[in-house]
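In: Below is the sequence, then the predicted model.
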Amino acid sequence: MTLTERPQKRYGSIVVGILVLSVIILVIGWLESAQPGGLNIAALTGGVVTFDTMVRIGILTTAVVGLNLLMGYAGQVSLGQVAFIGLGAYFSAVLTTRPSLIGASGLSGHWWWPWLLMLVGTVFTGGLAYLVGRPILRLRGHYLAMATLGLGVMVNILFRENLGFAVDKVNITGGSDGIYGIPRLSIGSWDIWPIERYYYLVWLVAIVGILLALNMVKSRSGRALRALHCSELASETLGVDTARYKVRALVLSAMYASIAGSLYAHFRVAVSPKPFDFGASLELVVMAAVGGMASVWGAPFGVAAVVILRDLLRTHLSLVIDAVGGAYEVVAFGIILILIMIFMPEGVVARTKEVVRRWSG
Amino acid sequence: MRDFLLRSLKHKSYKFLAVGGSTVAVVALILILGAQKNFGPQQYGQLIVAGLGDGAIYALIALGFVMIYTVTGIINFAQGAFVMLGSMIAVTLYASKIGGTGATGLIVAALLAIVATTAIGVIVERLTIFPARNADSLTLIIITVGVYITLQGLALIFWGSNARILPAFTTVATSDLIFRPGGIVLKAQSLWIWGTTAVVLALLMVFLRRTLLGKALRACSVNRYAARLMGISPSRMSIFAFGLAAAMGAVAGIVLAPASRPIYDMGLKLGLKGFVAAAMGGLVSSPVAVLGGLLLGLTENIAAGVTKSGLKDIFAFIVLIAVLLRQRRQMGRGLE
């Protein structure tokens, strides 16, 4: 990835990549639901790779693709990305379960209401990211990391503390218990549930997200973002409006996160502040780092690797060692993160590619 | 028109008025909110005592941030973990009666905990920061974050998720000596915390200004290259800074332990708040970091006192973002 690289539009690789990913998704979906010849993936992988896992991977992939654009391409650290996922999830959750808050009780019966909320929530989160981004993104490096971390923690506290409303009768976010009874998604009277339908929906969104991201990366603004990552000063001299591009990347990543959040809320049918804490933000960064910061294709790989590894550690490590509430998994996680950042800061995928290229001459 | 307004606002006398006006507004807001809860001078006094107690701890943690940042240019997200390790190790050693029971046991446990945490700081530097010393700042940030996760996970394995207790220094018992000046409850441990912060700051200043090693550290923070030409090894200084920062974190953790029950995940919030305090001094000034810590403690305690206690941490982060945005002007746009 150099600045002098000729801007080639190799759409061929995108088409092939999307096709391969789609085929993988379809095959896994088919294997999971049809179980040909009694082949049970879940049993083979020790109960780890189930539809539930695959749905989570799909949702997180959407969020990580957005984070990649921000961290890998624009080079702006975000340790509070989970705040945007939380905003999306809570936006959907609050307004589908308590539409009377905005005087829309009549609309909540319609099947399109959750879909509309998902879109409005995305715009809302993007708008919020814009407002926050203008001042925050003037910070850089460590300062930006700390500021985003602070924002993430703040949003999480707001969820827990009912958006700061001192009157406890006005219950918006449900405090630390969260919100239950979020409706499932449906098209007309056709429910997107059982889980295999939701699985295809989630991955459809993820693949569309990847497609849009790849398109952007290869476009003029994508090159501007990469220039920005290499040297803000140099790109400014070349006439790139760095402030605008940085904010744009943040808004875009927030919108990806918001969609992921809404999908999460309708998947779990409940939200609480716990999954949107600091640890979750870190996990997103780990996923982005494993897949490769500046690699859209790395995102699904990184997410899958981390989610499956974590679940494996959770189920198997506790059998080997008498673990205390997933503590070993956390340690293993931290060490893996450190090792990856020391030895292959450009991500596992890129590193492997490089090694393969070297060996094949 | 807008330019004119901005320019006139930047004029010295108007600036003074603006700062004075907003201070009056904030104080008035606090008094109004406090009046709704029937706060008297006694309640405010209590909030101030609590704020200064928290603040002194933030100040101690902030000193660790300043130490590592000036020498290596790294913001150590794992600083909070050193605080947690200091208090947890002290608690364990005291419980194991390694130096006997009572006051001697407490002193021995505290000293050993500081030594152990320092050793951990040095090991962390060698294993994670040193191999990646040439990486960009994003990588280094994520590495220190990884160190934090690892240390917290190890703490969970060793100590479990239960909160621990360390006896108060004055009484060497769980219940502390309490003074009541003017109806305000003041625990003896608060005095220990303030005293320790003052002593550590004084020692640090003497060390940095009067000793050869301290001067070498400062030289390294001013200009690495020039320091190396003078025969100072930046790599050795980096180890030293991490060790010292870990020791200071451990001291903070140990004096804090009797006042709050130490638990494996206490490091994150403390580390963040220490960072906020350090950021007030631009991460390079120890005395300003201490002042910043006290100010932060006061702000969040008073603000949470008059509103809702669950919102305490939010005020710290509002201060953080305000401070960072103010700093931005001083940091300038700088060359990369």
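Out: Arrived safely. Residues are numbered from 1 along each chain as shown, chains lettered A, B, ... in the order given.
In: Can you list the buried residues in stretch A:145-162?
Out: Within stretch A:145-162, the residues that count as buried by 16 or more other Cβ atoms under 10 Å in any protein chain shown are A:145-162. Quick note: C-beta positions are derived from backbone N, CA and C, even for glycine.
In: Could you do stretch A:73-88 as well?
Out: For stretch A:73-88, by 16+ other Cβ under 10 Å, it's A:73-88.
In: filter those residues by proximity to chain B?
Out: A:Gly75, A:Val77, A:Leu79 (Cβ under 8 Å from any Cβ of the partner chain).
In: now the strands: where do they sit in chain A?
Out: Under the criterion DSSP state E, strands of chain A are mapped to A:179-180, A:186-187, A:190-191, A:270-271.
In: Ranking those by mean neighbour count, which comes first?
Out: strand A:270-271 (a mean of 21; mean count of other Cβ atoms under 10 Å in any protein chain shown).
In: Okay, now the sheet partners of it, with direction.
Out: strand A:179-180 (antiparallel) (DSSP bridges).
In: The strand it pairs with: how far from the chain's middle?
Out: The chain centroid and the centroid of strand A:179-180 are separated by 22 Å, computed with Cα atoms, centre = their mean, to the nearest Å.
In: Could you do stretch A:303-318 as well?
Out: 18 Å.
In: which residues sit against that stretch?
Out: A:45-49, A:53, A:56-57, A:60-61, A:64, A:283, A:286-287, A:290-291, A:323, A:326, A:328-329, A:332-333, A:336, A:348 (Cβ atoms under 8 Å, 6 or more residues apart in numbering or on different chains).
In: do stretch A:14-23 as well
Out: With Cβ under 8 Å, 6+ apart as the test, stretch A:14-23 has contacts from A:Ile207, A:Ile210, A:Leu211, A:Leu214, A:Asn215, A:Lys218, A:Trp297, A:Pro300.
In: let's see it at 6 Å
Out: A:Leu214 (Cβ atoms under 6 Å, 6 or more residues apart in numbering or on different chains).
In: which parts of it are buried?
Out: Neighbour-count burial for stretch A:14-23 [16+ other Cβ under 10 Å]: A:Ile14, A:Gly17, A:Ile18, A:Leu21.
In: For that stretch, give the mean pLDDT please.
Out: Mean pLDDT, stretch A:14-23: 87.
In: do stretch A:219-235 as well
Out: 82.
In: and what of stretch B:260-270?
Out: pLDDT averaged over stretch B:260-270 gives 89.
In: what does the stretch 101-250 of chain B put close to chain A?
Out: Neighbours of chain A within the stretch 101-250 of chain B, by Cβ under 6 Å from any Cβ of the partner chain: B:128, B:131-132, B:137-139, B:141-143, B:146, B:149-150, B:153-154, B:156-157, B:160.
In: quick revisit: any idea which of the strands of chain A gets closest to A:Ala129?
Out: The closest of the strands of chain A to A:Ala129 is strand A:270-271. By Cβ to Cβ, the value is 19.5 Å.
In: Show me what the closest one is in contact with.
Out: By Cβ under 6 Å, 6+ apart, strand A:270-271 touches A:Ala89, A:Ala93, A:Gly178, A:Ile179, A:Tyr180, A:Ala265.
In: Which two among these are spaced furthest apart?
Out: Checking the contacts of strand A:270-271 with Cβ to Cβ, the most distant pair is A:Ala89 and A:Tyr180, at 13.2 Å.
In: Tell me where the model's unsure across the stretch 101-250 of chain B.
Out: For the stretch 101-250 of chain B, no stretch has pLDDT under 70.
In: And for A:His110, the neighbour number?
Out: 10 (other Cβ atoms under 10 Å in any protein chain shown).
In: where's it relative to A:Ile187, distance?
Out: Distance of A:His110 to A:Ile187, given as Cβ to Cβ, to the nearest Å: 12 Å.
In: what does chain A put close to chain B?
Out: A:77, A:135, A:138-139, A:141-143, A:145-147, A:150, A:154, A:157, A:161, A:164, A:166, A:231, A:233, A:324, A:327, A:330-331, A:334-335, A:337-338, A:341-342, A:345.
In: Of the residues of the stretch 101-250 of chain B next to chain A, just the buried ones, ChimeraX syntax please.
Out: Those of those that count as buried under 16+ other Cβ under 10 Å are selected in ChimeraX with:
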select /B:128,132,137,138,139,141,142,143,146,149,150,153,154,156,157
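In: That's all I had, so thanks and see you.
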